[in-house]
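>>> What would the 3D arrangement of this be:
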Amino acid sequence: MTTPPATISGAPQPFGGELLRPADPGYDDARRIHNGMIDKRPGLIARCRSSADVAAVVVFARDGGHELSVRGGGHNVAGRAVTEGGVMLDLSAMRAVAVDPAARTARAQGGARWGDVDRETQRHGLAVTGGMISTTGIGGLTLGGGLGWLMGRYGLTVDNLLSAEVVTADGAVVTASASEHEDLFWALRGGGGNFGVVTSFEYRLHPVGPVVTGFRVVYPFSRAAEVLRAYRDFTASIPDELTLNAALLHAPDGSGVKLAGIVGCHVGPAEQAERDLAPLLALGSAEDVLAGPIEYTTLNSLLDAAYPRGALNYWKSSFLDSFSDEAIAVMVDEFAACPSPSSAFVIENPHGEATSVPVEATAVPFRAPGYNFLITSVWRDAAASEANVAWTRRAFEAVRPFAADRCYVNYLAGDEAAGGGRDPVRAAYGPNYERLVAVKRRYDPANLFRLNQNIRP
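Next up, the predicted model:
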């Protein structure tokens, strides 16, 4: 791999963005992503302002043989948004969101975050399923599938994607939709960044808010097993209007006090929400309870502080084959040894509309109701990295006997690799993998877009 020159040359029109080399002011801030564990130094950072800029960078990297990474607007815990020595294509300045309230659609640029989308759509009492943290980038979340607070009622984010503007590996700017580049449109809905750079997303919107019913209840850790069992039993027949996560977590004051909690969003009428949530409130003796009206934008930012930019992150995740009492007991035992006051175990529950779509309709392969287990290890002190990573791996291995051989692709850890007869990316895509390979061969046969959960052509 050669060192990129300081200019984008050979483009059909001048590059209109900003180019940063290692010696330039602002370079160090621009190369850093949300996860403080990632410390890579691109040879050139190209901060794009338009689709034409993106196309110029793609052609430049391809023709020059430079490794290319694509940075959107959000977290990218696995760290694949940054290349070591190559060209980093940065979309983070492209955050515009335009809403058509009459058509109930929104178009958002690829560097936007969910807070940007929520702010604009909620002005009209509309929303689309987005991340459960408002600082999540729309690009990564959408392309991986899109779990969120509205998924029970309105499906995954990809189920609401109407079209996408995409810069392909040959530098072309195309629209992918149900009537144009249909194979690419199918692959983008869950297949990640393997097929091009999405410069804008068009979403279908739904009437939501601006006030919804928020739910957050927190219990002492001594009741953790009871809380997880209650969550499991309740979500076995959960209404579509309600989406809930359970968690083993720590008090937000940094004291390290361990807790168990359930948090969620209900988008139905207030009287229905009150009836639906009553069984969970009946658990009683909670240390903290929120159950009532809250602005959707506020609810969708309640968890932001738990995932600050620059903190060190290492995540592991898998869907569960069994959420049994035995599995719950193992989770509680493992979390008791958690070394960081910022880490958590999270249980997510895809259900309702998110699981009513046929597996072959999009690239997302998990469409059965069930549970996803996620370890979000977060800490501040780099000297504690070895201990936190080791604990995360041990805890995940302890839960593995209850795990399925599939994973939400957005949660695949940066160190996941094929081996021992198992390819984690193939497993994540399951029955849709071979079709994704065929689309990859058509749109990116040389695998220019490979710094991702890579589908090899």
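
>>> Check residue 302 and give its pLDDT.
Looking at residue 302, its pLDDT is 89.

>>> and if you look at the one 5 residues further on?
Looking at residue 307, its pLDDT is 89.

>>> pretty sure it is in contact with residue 376, am I right?
Yes - counting by C-beta atoms under 8 Å, residue 376 is a contact partner of residue 307 at 7.4 Å. The C-beta positions use only the backbone N, C-alpha and C, and glycine is treated the same way.

>>> Give me the more crowded residue out of these two.
residue 376 (22 against 19; other C-beta atoms under 10 Å).

>>> Domains in this protein, by residue range?
18-90, 97-208, 211-411 (automatic domain parsing).

>>> start to end distance for the first one?
Across its full length, domain 18-90 reaches 10 Å between end residues, using C-alpha to C-alpha, to the nearest Å.

>>> distance of residue 309 from residue 16?
27 Å (C-beta to C-beta, to the nearest Å).

>>> wait, isn't residue 217 in contact with residue 261?
Yes - using C-beta under 8 Å, residue 217 makes contact with residue 261 at a distance of 6.2 Å.

>>> Would you state the helices of the stretch 1-150 of the chain in chain order?
With DSSP state H, counting those that start in this stretch as the criterion, the stretch 1-150 of the chain has helices at 27-31, 51-64, 114-121, 138-144.

>>> that older thread, who touches both of residue 307 and residue 376?
Listed contacts common to residue 307 and residue 376 are residue 313; contacts here mean C-beta atoms under 8 Å, 6 or more residues apart in numbering.

>>> what's the most buried one of the helices of the stretch 1-150 of the chain?
helix 138-144 (a mean of 29; mean count of other C-beta atoms under 10 Å).

>>> Who are the packing partners of it?
Secondary-structure packing of helix 138-144 (3 or more C-beta pairs under 8 Å, 6 or more residues apart in numbering; DSSP states H and E): helix 114-121, strand 197-204.

>>> any idea which helix or strand comes after it?
With elements assigned by DSSP states H and E, the helix or strand that comes after helix 138-144 is helix 151-154.

>>> can you give me phi and psi for residue 39?
phi -130, psi 80 (degrees, to the nearest 10).

>>> meant to ask about residue 276
Torsion angles at residue 276 (phi, psi; degrees, to the nearest 10) stand at phi -70, psi -40.

>>> swap in residue 243?
Torsion angles, degrees, to the nearest 10, at residue 243: phi -120, psi 130.

>>> so how far is residue 453 from it?
Taking C-beta to C-beta, one finds residue 243 at 24 Å from residue 453.

>>> Looking at these two, which has the bigger crowd around it?
residue 243 (30 against 22).

>>> Tell me who's in contact with the more buried one.
Taking C-beta under 8 Å, 6+ apart as the contact definition, residue 243 lies against 148, 149, 150, 151, 152, 153, 264, 265, 349, 351, 352.

>>> same thing but at 10 Å, please
Contact analysis of residue 243 by C-beta atoms under 10 Å, 6 or more residues apart in numbering lists 129, 132, 147-154, 215, 235, 263-267, 348-352, 354.

>>> what's the answer for residue 433, then?
So residue 433 contacts 191, 363, 365, 423, 425, 426, 427, 455 (C-beta under 10 Å, 6+ apart).
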